[in-house]
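In: Show me how the following folds:
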Amino acid sequence: MKPAELGNKIEIHYIGTLDDGRIFDTRDADSPLNITLGQHEIFAALEDEIIGMKVGQVKNILIQAEEAFGLRSDENIIKLDRTVFPAEKPIELGQKISVDFSDGSSRVLRIIQVNDKHVTVDGNHALAGHDLTFALKLAAIL
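Out: Numbering: from 1, shown residues only. Model (predicted):
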């Protein structure tokens, strides 16, 4: 049986956990993740660990925060005037909003603080700053 290599289309199952044991994502036989190795569809560090695995092989893989969603950055926290938001639109803590920037890009930001004058949003990914552990099985090379 050949091991997984770049260019292979594969099916993986995994349970993804944080350091405290909380599960952040799962993929099983009912909802597998199908990717092509080398297409940057998953973290490079995770892909590197999968290359060389054989079908049916199980591996626990730790991906450092820097190699996953990156470290949290204070630069991604932005304080906006409340007037930027329509007065009739309710604003709630934890709410996600999409913001279009002048360079044509857009990002999803999470509201982390609200008062009468300002709304503070966080552009960090929810898993930024977290090391991620994957209990991963290479289910198939398709």
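In: helices and strands around the helix or strand of the chain with the lowest mean pLDDT, which ones?
Out: Lowest on mean pLDDT, DSSP states H and E among the helices and strands of the chain sits strand 96-100, with a mean of 84. Applying 3 or more C-beta pairs under 8 Å, 6 or more residues apart in numbering; DSSP states H and E, we find strand 96-100 packed against strand 106-114. Heads up, the C-betas are built off the backbone N, CA and C, glycines and all.
In: Quick check: which ranges of this protein have low pLDDT?
Out: For the chain, not a single residue meets the criterion pLDDT under 70.
In: Neighbouring strands of the least confident helix or strand of the chain in the sheet, and parallel or not?
Out: strand 106-114 (antiparallel) (DSSP bridges).
In: Quick check: buried residues in the partner strand?
Out: 109, 110, 111, 114 (16 or more other C-beta atoms under 10 Å).
In: And for the least confident helix or strand of the chain, what's in contact with it?
Out: 106, 107, 108, 109, 110, 111, 121 (C-beta atoms under 8 Å, 6 or more residues apart in numbering).
In: Widest-spaced pair of these?
Out: Among the contacts of strand 96-100, the pair separated by the greatest distance (C-beta to C-beta) is 106 and 111, at 16.2 Å.
In: per the record, what domains does the protein have?
Out: What automatic domain parsing lists as the domains of the chain is 9-69+128-141, 74-122.
In: gap between the two ends of the last one?
Out: Looking at domain 74-122, the gap from its leading to its trailing residue is 9 Å under the measure C-alpha to C-alpha, to the nearest Å.
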